[in-house]
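# Okay, here's the prediction I keep looking at, along with the sequence it came from:
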Amino acid sequence: MIAEYVVRSTGIRPSQWRLYWDQLGNLEIPVPSHADQAKVADRIDDQTARMDALIADSQKFIDLAGERRAALITAAVTGQIDVRDEVD
């Protein structure tokens, strides 16, 4: 697009170039076919679903680790397990 801007702009130097609508409106922008766009959108949806599932699984593991940590701390504080030898 920069090359098209350079070709279609007017002005003395780049910092003063102008691109008027009659030139900007004539720019041809390649766009994939609707079928290709649909394929890309479907792939993005599939990948997003996979990432969401991985995030959910990760959150479950994080929650479980937090529960286990809390249970371990409770067990240590209430004397259900002896951790005095583990501190050294």
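Yep, it's here. Only a predicted model underlies this, so the values are computations on that prediction, with no experimental measurement involved.
# Walk me through the domains of the protein.
Using automatic domain parsing, the domains assigned to the chain come out as 1-30, 32-88.
# now those as CSV including mean neighbour count and mean pLDDT?
For glycine as for every other residue, the C-beta is placed from the backbone atoms N, C-alpha and C. Output for the domains of the chain, formatted as CSV (neighbours: other CB atoms under 10 Å; pLDDT from 0 to 100):
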stretch, mean neighbour count, mean pLDDT
domain 1-30, 10, 80
domain 32-88, 10, 93
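# For stretch 76-88, what is the distance to the chain centroid?
43 Å (CA atoms, centre = their mean, to the nearest Å).
# Kindly export that stretch (C-alpha atoms) in PDB.
Extracted C-alpha coordinates of stretch 76-88, given in PDB (Å, rounded to 0.1, in the frame of the first residue of the first chain):
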ATOM      1  CA  ALA A  76       0.500 -28.700  58.900                       C
ATOM      2  CA  VAL A  77      -1.100 -26.000  61.200                       C
ATOM      3  CA  THR A  78      -3.400 -28.400  62.900                       C
ATOM      4  CA  GLY A  79      -0.700 -31.000  63.500                       C
ATOM      5  CA  GLN A  80      -2.100 -33.600  61.300                       C
ATOM      6  CA  ILE A  81       1.300 -33.800  59.600                       C
ATOM      7  CA  ASP A  82       4.800 -33.100  61.000                       C
ATOM      8  CA  VAL A  83       6.800 -30.700  59.000                       C
ATOM      9  CA  ARG A  84       9.500 -29.800  61.500                       C
ATOM     10  CA  ASP A  85      12.100 -32.000  59.900                       C
ATOM     11  CA  GLU A  86      11.300 -30.600  56.500                       C
ATOM     12  CA  VAL A  87      12.200 -27.000  57.400                       C
ATOM     13  CA  ASP A  88      16.000 -27.700  57.900                       C
END
